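Engineer: Coordinates only, no sequence provided:
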């Protein structure tokens, strides 16, 4: 049970983002856990978990200078035993989230941070090495992953009761300037699922985990949460998103930082994602996707433009964001009631090789509402690629 101090923290957070809070009295949960000794060699997980209730806070927009800082900060301030963080990049300079993490460590909370070490991008390794040194000097247990593995997740787990997951890295630009999509989830079962995933990676940063959902255990009706961690030998996000897109009835609205087309990987899950979007448009659904212009990175900009043209030519309504902005969200809203979000870009390595963390919130219209409104605002500011 939560302590009085933690209950007060949650009450303050609810007042801060009351419009985005949704409670569910009876919510079915399916959570993918990291495989352990009790998991068979196929990697399939018996993952249906009954739940009495889950609290969710969508984290979108810029109603305050940094909504992510507000929501994560409330969680870190209320932490009593542990905070585990899995991140692609972290820069402690001018970052209030890092300050609150250090403050938690200073008052005795066990804090662990696992960061990416890149074999192909030296600047990532250099920056994260400096960040790890800073954190360790301030009482945080920090380490880098294996250089052959790409940790692209953006996730924090507090007291094994709260998970914050989405697209936000921890640096000033990501927190204060970029368009992101994250969610805070308060539920012990979900936190334990992602916590087991973190523990396996912490013990073996080179781990490639054969995770799998038992789809037969997913309830066909009512609100359901799916925890979707991926690590090298799984495509939980990709296969789940493809299935949900194939079942869409009215609309698919997406915001994606990266989308790539791979003729050489025609049978890949990444290609299945793009094809599922095209198929939804062919069924007559309202299918719209906003893609980041990526004007700061020439190769990414080229790939995104090629993908945008391909999607447009195949019936999908496509817009690009303003080239002066960075739209870093990875967000799907299906039929105005199902949300899929996390760290996953739609490119081959992200979907099929990286360490990623995502969630699917099925049949939750009250939670989907803020994300749908967020999509609408970004779409209104987008630039059509139609001639």
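Structural biologist: Great, that's in hand. Note that the structure is a prediction, hence the values are computed from the model and not measured. Numbers count the residues shown, from 1 in each chain.
Engineer: and the spatially closest residue to residue 277 that is not a sequence neighbour, what does it touch?
Structural biologist: Spatial nearest neighbour of residue 277, excluding adjacent residues (Cβ to Cβ, 6 or more residues apart in numbering): residue 316 at 5.8 Å. C-beta: built from backbone N, CA, C; applies to glycine. Contact analysis of residue 316 by Cβ atoms under 8 Å, 6 or more residues apart in numbering lists 277, 278, 281, 287, 288, 289.
Engineer: pLDDT score assigned to the first one?
Structural biologist: According to the model's per-residue confidence, residue 277 sits at a pLDDT of 97.
Engineer: Which stretches in the stretch 151-300 of the chain count as strands?
Structural biologist: Remark: strands assigned in the stretch 151-300 of the chain by DSSP state E, counting those that start in this stretch are 154-158, 162-166, 181-186, 212-213, 224-231, 251-256, 286-291.
Engineer: Could you check the angle the longest one makes with strand 181-186?
Structural biologist: If I follow you right, that is strand 224-231. Note on geometry: by axes from the mean of the first three to the mean of the last three Cα atoms, to 10 degrees, strand 224-231 and strand 181-186 are set 110 degrees apart in direction.
Engineer: And strand 224-231, what does it pack against?
Structural biologist: Identification of packing neighbours for strand 224-231 by 3 or more Cβ pairs under 8 Å, 6 or more residues apart in numbering; DSSP states H and E yields strand 28-31, helix 188-203, helix 236-247, strand 355-362.
Engineer: how close does the residue nearest to residue 277 sit to residue 341?
Structural biologist: Distance, residue 316 to residue 341, using Cβ to Cβ, to the nearest Å: 19 Å.
Engineer: now residue 353
Structural biologist: Separation of residue 353 from residue 341 (Cβ to Cβ): 20 Å.
Engineer: just residue 64 next, same as before
Structural biologist: Between residue 64 and residue 341 the computed distance is 20 Å (Cβ to Cβ).
Engineer: Can you read off the backbone torsions of the residue nearest to residue 277?
Structural biologist: Dihedral angles of residue 316 (phi, psi; degrees, to the nearest 10) stand at phi -90, psi 130.
Engineer: Buried residues of stretch 94-102, list them for me.
Structural biologist: Buried positions in stretch 94-102, judged by neighbour count with 16 or more other Cβ atoms under 10 Å: 95, 96, 97, 98, 100, 101, 102.
Engineer: which ones are touching the first one?
Structural biologist: Right, the one you point to is residue 95. Residue 95 makes contacts with 170, 171, 172, 175, as judged by Cβ under 8 Å, 6+ apart.
Engineer: who wins for most neighbours among those residues?
Structural biologist: Most neighbours among the contacts of residue 95, by other Cβ atoms under 10 Å: residue 170, with 26 neighbours.
Engineer: just so I have it, where are all the helices in the stretch 251-387 of the chain?
Structural biologist: Ranges of helices in the stretch 251-387 of the chain, per DSSP state H, counting those that start in this stretch, are 269-282, 298-313, 348-352, 365-380.
Engineer: Turn those into TSV, columns for distance to residue 328 and mean neighbour count.
Structural biologist: Formatted as TSV, these follow (distance: least, Cβ to Cβ, whole Å; neighbours: other Cβ atoms under 10 Å):
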stretch	distance to residue 328	mean neighbour count
helix 269-282	18	20
helix 298-313	12	16
helix 348-352	13	19
helix 365-380	11	19
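Engineer: Which one of those helices lies nearest to residue 155?
Structural biologist: helix 348-352 (14.8 Å; Cβ to Cβ).
Engineer: what mean pLDDT does the closest one have?
Structural biologist: In this model, helix 348-352 has an average pLDDT of 93.
Engineer: Check stretch 69-84 too.
Structural biologist: 97.
Engineer: Quick one: end-to-end distance for that stretch.
Structural biologist: End-to-end distance of stretch 69-84 (Cα to Cα, to the nearest Å): 16 Å.
Engineer: Check the gap between the most centrally placed residue in the chain and residue 358 for me.
Structural biologist: Centroid-nearest residue in the chain: residue 342, 1.5 Å away (criterion: Cα atoms, centre = their mean). Going from residue 342 to residue 358 by Cβ to Cβ gives 3 Å.
Engineer: Need the residues touching each of those two.
Structural biologist: Residues touching both residue 342 and residue 358 (Cβ under 8 Å, 6+ apart): 165, 228, 237, 330.
Engineer: TSV please, covering the residues you listed and showing neighbour count and distance to residue 246.
Structural biologist: Below are the shared contacts of residue 342 and residue 358 laid out as TSV (neighbours: other Cβ atoms under 10 Å; distance: Cβ to Cβ, whole Å):
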residue	neighbour count	distance to residue 246
165	28	24
228	30	17
237	29	15
330	26	19
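Engineer: Bridge partners for residue 228, pull those for me.
Structural biologist: Beta-bridge pairing for residue 228 (DSSP bridges): residue 358.
Engineer: Might one say that it is in contact with residue 240?
Structural biologist: Yes - here residue 228 reaches residue 240: they are 6.0 Å apart, a contact under Cβ atoms under 8 Å.
Engineer: re earlier: so residue 64 and residue 341 - more neighbours on which side?
Structural biologist: Set residue 64 next to residue 341 and count neighbours by other Cβ under 10 Å: residue 341 wins out with 28 against 12.
Engineer: Could you report the neighbour count for the closest residue to residue 378 other than its chain neighbours?
Structural biologist: If the residues on either side of it in the chain are set aside, residue 378 comes closest to residue 290, at 5.3 Å by Cβ to Cβ, 6+ apart. The tally of other residues near residue 290 (other Cβ under 10 Å) stands at 25.
Engineer: likewise residue 115?
Structural biologist: Using other Cβ under 10 Å, the number of residues around residue 115 comes to 25.
Engineer: That one: what's it in contact with?
Structural biologist: By Cβ under 8 Å, 6+ apart, residue 115 lies in contact with 87, 88, 89, 90, 128, 131, 132, 142, 143, 144, 145, 151.
Engineer: Just put those residues in JSON lines and tack on pLDDT and distance to residue 373.
Structural biologist: As requested, the contacts of residue 115 are arranged in JSON lines below (pLDDT from 0 to 100; distance: Cβ to Cβ, whole Å):
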{"residue": "87", "pLDDT": "98", "distance to residue 373": "28"}
{"residue": "88", "pLDDT": "97", "distance to residue 373": "27"}
{"residue": "89", "pLDDT": "96", "distance to residue 373": "28"}
{"residue": "90", "pLDDT": "96", "distance to residue 373": "30"}
{"residue": "128", "pLDDT": "97", "distance to residue 373": "34"}
{"residue": "131", "pLDDT": "97", "distance to residue 373": "34"}
{"residue": "132", "pLDDT": "98", "distance to residue 373": "38"}
{"residue": "142", "pLDDT": "98", "distance to residue 373": "37"}
{"residue": "143", "pLDDT": "97", "distance to residue 373": "39"}
{"residue": "144", "pLDDT": "97", "distance to residue 373": "38"}
{"residue": "145", "pLDDT": "96", "distance to residue 373": "36"}
{"residue": "151", "pLDDT": "96", "distance to residue 373": "31"}
